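# The following block contains a protein sequence and its predicted model.
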Amino acid sequence: MSQLSALGVTDADLTPRLKFVNILPSALLLAVVISLILGGAPAHAPSLHRLLDNARSYGWTGALVVSVGALVAGLLLQPLELASIRLLEGYVSSTGLLGPLVRVGTWVHATRRSRLTWQRNHLKHDDPHAVTARFGLALMPHRAPVLPTALGNRLRAAEERAGRPYGLDSLLTWPRLYHVLPQDVLQTVARSRNELDTAARLSLSFALTSVMTTALLLTHPWWLLLPVALAVLSWFAYRSAVHAATTYGDTVAAVVDVFRLKLLQEMHIAIPADTAGERALNKKLTALWSRNDRKPLPSPVRYDAGEASPGDQAGSGGSS
């Protein structure tokens, strides 16, 4: 980053998330494509000798341009970070350009969920296939429709799993719970999320680089092994993202288990005495947080102005 320091950009300006989730994938794409072009592609088969000669001719100026280009590309792509992850999750219109792939992927995962459900319900409890089916179903959504990708289904299952025992909608709860978490817990969650997003963005970067290098090397058959290798790396990065999604989902579920009552404390809401009362309360909170004014609450949420701990308030009864 010495070239960037000359522009007044310091390590403090480049957060770990920006470096690994945005700049690293962009730098990888630029490095491969520019190296091939400097090596002679597409007019000639890439040559190491030609690459070194051209690199020396551009010198530090070229290195500075590439460094700044990677930084600018990373900054420009940062607003598209969520969109790119949603693309890999499968939130794509089934009538658009990717419609056929979306429909096939949805059918594959829906069929797999149906097969696993049948094995769980009809085979003996200790049958290996039944055990595998229960494990597989835990990584797929139960109530919501399946998505066309493994990553999307893994994250959707995690969203359901996090709040299910308490009647919580995790999509509504998590943005609020996030504000009451201790700093060390926030760091753990952020680290887990960064691993997921980095793997996902690397998968997209490898895939895009594979397409671009194919265009540059189309007339040089032996060099087409490079885009094939990049496509394989894209697949491995995607599988890493899927596994990271499981870890992230488990982390979020554990945080909800431990800190959900702290959220009630911070909101000065009376803490229920048991899980039945908690589920009834969470049903009301879900209606409030969803901003659905057309469905009035069956009974009000009771507030508590005290500062007692959850254990001290547990005996005070459920919400009315």
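Looks like it arrived, so ask away.

# pLDDT below threshold where in the stretch 151-300 of the chain?
Applying pLDDT under 70 to the stretch 151-300 of the chain flags the ranges 292-295, 298.

# mind redoing it with 80?
Scanning the stretch 151-300 of the chain for pLDDT under 80 picks out 291-299.

# Please tell me how far H109 sits from P300.
For H109, the distance to P300 equals 42 Å [CB to CB, to the nearest Å]. From N, CA and C alone the C-beta is placed, and that goes for glycine too.

# Which segments of the chain make up each domain?
2-86+179-290, 91-148 (automatic domain parsing).

# Among these, which comes closest to R161?
Across these, the minimum distance to R161, taken as CB to CB, is reached by domain 2-86+179-290, at 5.5 Å.

# what distance separates the closest one from the middle of the whole chain?
With CA atoms, centre = their mean, to the nearest Å as the basis, domain 2-86+179-290 stands 9 Å off its chain's centre.

# ok so, going back, just name the most buried of the domains of the chain.
With neighbours defined as mean count of other CB atoms under 10 Å, those peak in mean count at domain 2-86+179-290, which reaches a mean of 16.

# got the CA positions of stretch 287-304 in PDB?
What follows is stretch 287-304, C-alpha atoms only, in PDB (Å, rounded to 0.1, in the frame of the first residue of the first chain):
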ATOM      1  CA  ALA A 287     -46.800  -6.900  15.000                       C
ATOM      2  CA  LEU A 288     -45.400  -3.600  16.300                       C
ATOM      3  CA  TRP A 289     -42.100  -3.800  14.500                       C
ATOM      4  CA  SER A 290     -43.700  -4.800  11.200                       C
ATOM      5  CA  ARG A 291     -45.500  -1.400  11.300                       C
ATOM      6  CA  ASN A 292     -48.800  -3.200  10.500                       C
ATOM      7  CA  ASP A 293     -51.300  -0.800  11.800                       C
ATOM      8  CA  ARG A 294     -54.300  -2.600  10.200                       C
ATOM      9  CA  LYS A 295     -54.000  -5.400  12.800                       C
ATOM     10  CA  PRO A 296     -54.400  -4.000  16.300                       C
ATOM     11  CA  LEU A 297     -52.700  -5.800  19.200                       C
ATOM     12  CA  PRO A 298     -55.000  -8.200  21.100                       C
ATOM     13  CA  SER A 299     -53.700  -6.700  24.300                       C
ATOM     14  CA  PRO A 300     -51.100  -4.000  25.100                       C
ATOM     15  CA  VAL A 301     -47.400  -4.600  25.700                       C
ATOM     16  CA  ARG A 302     -46.600  -3.800  29.400                       C
ATOM     17  CA  TYR A 303     -43.600  -1.500  30.100                       C
ATOM     18  CA  ASP A 304     -41.400  -1.700  33.200                       C
END
